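In: Dropping a prediction and its sequence here:
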Amino acid sequence: MKTIFIIGFMTAGKSREGKRLAKLMKMKFIDLDRVIEANEKRTVSEIFTEKGEEYFRAKEGGALRAINTNENCIVSCGGGTPCFFDNMNWMLKQGIVVWLKISTEEILKRVGESKKKRPLLNNLNGVKLINFIQEKYNEREVFYSKAPIQINTENISIENLMQMILSYKNEINNKQQGD
């Protein structure tokens, strides 16, 4: 298993921590949203507005499966990636999945100005925003919780995360050698 998939809710730090982890582990970094934007020649927000979520999720699933999982890379996935088209089970079979956990309170703190770039939040404020985040988080947690490595992103240590991944890799290798 050479590919590490970073999953979690919006604002969890998947891209930021994924880049830091890739640098520390000397691995290639791939941001799935940026791949989709390059393929579509428009932003994720524009894709949602012009083509809708269903279209985006289909493109996302295709971009995910197009990743060469035989190379050492870290993939930052969109918040919804694990929740569609059996993507989570595919990622679990192809590599190591890491869930960056974040509380809904922290999500609300972090969302701020980035709300404009987040198509699912674009027109939400106040109680509607809080309710939407809580509801979406609860829906997605079922998928996220399948990740064998889970770490709280609010006080993350990238070195600890790397150690967790390396320990997990060793555990998998030992099991495979024992078979």
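Out: Cool, the structure landed.

In: where do the helices sit along the chain?
Out: Secondary structure of the chain (DSSP state H): helices located at 14-25, 32-40, 44-51, 53-65, 87-94, 104-111, 126-144, 158-178.

In: Asn72 is nearest to which of those helices?
Out: Checking those against Asn72 by Cβ to Cβ gives helix 14-25 as the closest, at 7.9 Å. In this view, the C-beta of every residue, glycine as well, is placed from N, C-alpha and C.

In: now Ile6, which residues is it bridged with?
Out: Beta-bridge partners of Ile6, counted by DSSP bridges, are Ser76, Val98.

In: isn't it right next to Lys14, touching?
Out: Yes. Here Ile6 reaches Lys14: they are 4.6 Å apart, a contact under Cβ atoms under 8 Å.

In: sorry, back to before: mean pLDDT, mean neighbour count and distance to Pro119 added to the helices of the chain, as JSON lines?
Out: Below are the helices of the chain laid out as JSON lines (pLDDT from 0 to 100; neighbours: other Cβ atoms under 10 Å; distance: least, Cβ to Cβ, whole Å):
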{"stretch": "helix 14-25", "mean pLDDT": "95", "mean neighbour count": "19", "distance to Pro119": "16"}
{"stretch": "helix 32-40", "mean pLDDT": "97", "mean neighbour count": "17", "distance to Pro119": "11"}
{"stretch": "helix 44-51", "mean pLDDT": "92", "mean neighbour count": "16", "distance to Pro119": "4"}
{"stretch": "helix 53-65", "mean pLDDT": "96", "mean neighbour count": "17", "distance to Pro119": "8"}
{"stretch": "helix 87-94", "mean pLDDT": "96", "mean neighbour count": "18", "distance to Pro119": "18"}
{"stretch": "helix 104-111", "mean pLDDT": "87", "mean neighbour count": "15", "distance to Pro119": "13"}
{"stretch": "helix 126-144", "mean pLDDT": "92", "mean neighbour count": "14", "distance to Pro119": "12"}
{"stretch": "helix 158-178", "mean pLDDT": "88", "mean neighbour count": "12", "distance to Pro119": "28"}
